[in-house]
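Chemist: Got a sequence here, can you model it:
(one chain, ligands or ions: 1)
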Amino acid sequence: METKKVAIVGYNRIPFARMNTAYSEQGNQDLLLASLNGLIDRYRLKGKRLGEVAGGAVIKHISESNLIRETVMNTTLDPATPACDLQQACDTGIEAAIYIGNKIALGQIDCGIACGVEAMSNIPFESSPRLRKALLKANKEKSAFGKLKQLLSPKLKDWMPIPYKGQEPKTGLVMGEHTEITAKYYNISRQEQDELALKSHQNMAKAYDEGFFDDMVTPAFGLDKDNNLRRDSSIEKLSQLKPAFDKQNGTLTAGNSTPFTDGASAVLLASEEWAKANDLPVLAYISFSELAGIEYVENKQDLLLAPVFAAERMLKKAGMNLSDFDYYEIHEAFAAQVLATIKIWENDELAKKFGLEKALGKIDRSKLNVKGGSLAAAHPFAATGGRIIATLAKLLHEKGSGKGFISICAARGQGVTMILEK
Ligand SMILES: CC(=O)CC(=O)SCCNC(=O)CCNC(=O)[C@H](O)C(C)(C)COP(=O)(O)OP(=O)(O)OC[C@H]1O[C@@H](n2cnc3c(N)ncnc32)[C@H](O)[C@@H]1OP(=O)(O)O
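Modeler: Next comes the predicted model:
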């Protein structure tokens, strides 16, 4: 069976906002709706029945089990447009694009939207198991006395909500603690991390000044730009920040780590025929993608390094070398994880020690995250993939030809890579 080419034909996102700032009153549906509405307006999709909308949020309330379909029903798309929720930690946005892309490739649908959202300001709290049990039992009790007895059974501390900390259940460490171990294990210096962080902000500031984001980001809830972007940062300021995760000997700080963030993004994918029929130019094609997992319980330093393996397998299938790309979009969860990943890809000895056949090639740093990365834009987990695909597709479209490389690490020791081509 012949497969179809998967074209990226549109994108839209709302500005990303640090948690508890511009979107402190909004939930997942509000943010996603704003992003989808911007996409629908820009590409005149009102009233259209699309093949499918797929995406997700890494963290949802229990009432949001069909978040994407619920949100689609609130847009002006034809309500006959089906939708589904996907979740794959920080890879969610890319996985959604792969899911929609594969259906287009197989001819099952001719167009679809891949989307992602994260409303960290509206994050659900857990309750203690003792409180949950007491409430469920109280609900079953017939008499007021019985209900009261159950409600009085938990201790005072059991009534306290349990906040989200982002810990890895298998290790009990948060991402920053894991990445602190990564930085030490792979000898990533504080200076290298701060330099990468500064470059991310400088590149994004320049891109905003040049109007690169004008047709990509629609203002929402009073915000018109990513509010994590700093124009006042410098190596001096970054070098003075205190370590965030290892207070004594650490190198990860608020400046070289992403903050918790609210935001949403959406990407419009289609077959070439649908793009032509709807008068939309093909910005770029998705040509390859690969998902990998990695052991990180024994090897705590490797939690966010699964893209190392994804890239090796993907490049082999594509018959390419890591040096063969015009642009590289590598998700900057932390500067240290980007630098460790690149170090392994580029260094033969380290690559072999890690389990690769050999080094994958060199990355020209002037081609890396040229419009800023997650350290500047910030990182609403499930929305980051859409931001990255859109940025790379636009870069390739403007260039008129070429190839771009995407790499995103994710919680639970997973990672995804993708190739876009024009
Ligand atoms: C989920 C997945 O699947 C995979 C992934 O992507 S992993 C990534 C997941 N993300 C995380 O784990 C988030 C990690 N981040 C955090 O926990 C927190 O942001 C953090 C602990 C690193 C910092 O939190 P914080 O201390 O509250 O930061 P914040 O108060 O904003 O900043 C501290 C200081 O640094 C300064 N600062 C921050 N960035 C700066 C910069 N670029 N330049 C100069 N100064 C900066 C701030 O101005 C602030 O200074 P003051 O104290 O003088 O106000």
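
Chemist: Residue numbers of the stretch 201-350 of the chain in contact with the ligand?
Modeler: Residues of the stretch 201-350 of the chain lying near the ligand by Cβ under 6 Å from any ligand atom: 201, 230, 233, 237-238, 241, 244, 254-255, 257-260, 333. Placement of C-beta: from N, CA and C, glycine included.

Chemist: send the alpha carbons of stretch 317-332 over as CSV?
Modeler: Extracted C-alpha coordinates of stretch 317-332, given in CSV (Å, rounded to 0.1, in the frame of the first residue of the first chain):
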residue,chain,number,x,y,z
LYS,A,317,16.4,4.6,9.0
ALA,A,318,16.7,8.0,7.2
GLY,A,319,20.3,7.2,6.0
MET,A,320,21.5,10.5,7.5
ASN,A,321,24.2,11.8,9.8
LEU,A,322,23.5,14.2,12.7
SER,A,323,25.5,16.9,10.9
ASP,A,324,23.2,16.8,7.8
PHE,A,325,20.5,19.3,9.1
ASP,A,326,19.9,23.0,8.5
TYR,A,327,18.2,23.5,11.8
TYR,A,328,18.1,21.7,15.2
GLU,A,329,15.2,22.1,17.6
ILE,A,330,16.2,20.5,20.9
HIS,A,331,13.8,20.9,23.8
GLU,A,332,15.6,22.7,26.6
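
Chemist: Which of the residues in that stretch are classified as buried?
Modeler: Of the residues in stretch 317-332, A318, M320, L322, F325, D326, Y327, Y328, E329, I330, H331, E332 count as buried by neighbour count, 16 or more other Cβ atoms under 10 Å.

Chemist: just stretch 97-109 next, same as before
Modeler: When neighbours are counted by 16+ other Cβ under 10 Å, the buried residues of stretch 97-109 are found to be A97, I98, Y99, I100, G101, K103, I104, A105, I109.

Chemist: Specify which member of those residues is nearest to K206.
Modeler: A97 (26.6 Å; Cβ to Cβ).

Chemist: quick revisit: which of the buried residues of stretch 317-332 fall in strands?
Modeler: Cross-referencing these with the strands (criterion: DSSP state E) gives Y327, Y328, E329, I330 as the overlap.

Chemist: beta partners of the first one?
Modeler: If I follow you right, that is Y327. Beta-bridge pairing of Y327, defined through DSSP bridges, involves G404.

Chemist: G373 is in contact with that one, correct?
Modeler: No - counting by Cβ atoms under 8 Å, Y327 stays clear of G373, with 11.8 Å between them.

Chemist: Do a quick rundown of the helices in this structure.
Modeler: Using DSSP state H, the helices found in the chain span residues 28-42, 67-73, 92-105, 129-140, 144-152, 175-185, 190-209, 235-240, 272-277, 307-318, 335-346, 348-354, 374-377, 384-399.

Chemist: Quick one: mean pLDDT for the shortest one?
Modeler: Meaning helix 374-377. Over the span of helix 374-377, the pLDDT mean works out to 98.

Chemist: And stretch 15-33, by the same measure?
Modeler: In the prediction, stretch 15-33 has an average pLDDT of 98.

Chemist: CA atoms only for it - export them in PDB, please.
Modeler: Output in PDB follows, covering the C-alpha atoms of stretch 15-33 (Å, rounded to 0.1, in the frame of the first residue of the first chain):
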ATOM      1  CA  PRO A  15       1.800  33.000  24.400                       C
ATOM      2  CA  PHE A  16       3.300  30.800  27.200                       C
ATOM      3  CA  ALA A  17       3.000  32.200  30.700                       C
ATOM      4  CA  ARG A  18       4.900  31.300  33.900                       C
ATOM      5  CA  MET A  19       2.600  29.500  36.300                       C
ATOM      6  CA  ASN A  20       0.500  31.700  38.400                       C
ATOM      7  CA  THR A  21       0.900  34.800  36.200                       C
ATOM      8  CA  ALA A  22      -1.200  35.700  33.100                       C
ATOM      9  CA  TYR A  23      -3.300  32.600  33.000                       C
ATOM     10  CA  SER A  24      -3.800  32.000  36.700                       C
ATOM     11  CA  GLU A  25      -7.600  31.900  36.300                       C
ATOM     12  CA  GLN A  26      -7.700  29.600  33.300                       C
ATOM     13  CA  GLY A  27      -7.900  25.800  33.000                       C
ATOM     14  CA  ASN A  28      -6.800  23.400  30.300                       C
ATOM     15  CA  GLN A  29     -10.000  23.900  28.300                       C
ATOM     16  CA  ASP A  30      -9.700  27.700  28.300                       C
ATOM     17  CA  LEU A  31      -6.100  27.700  27.100                       C
ATOM     18  CA  LEU A  32      -6.600  25.000  24.500                       C
ATOM     19  CA  LEU A  33      -9.700  26.700  23.200                       C
END
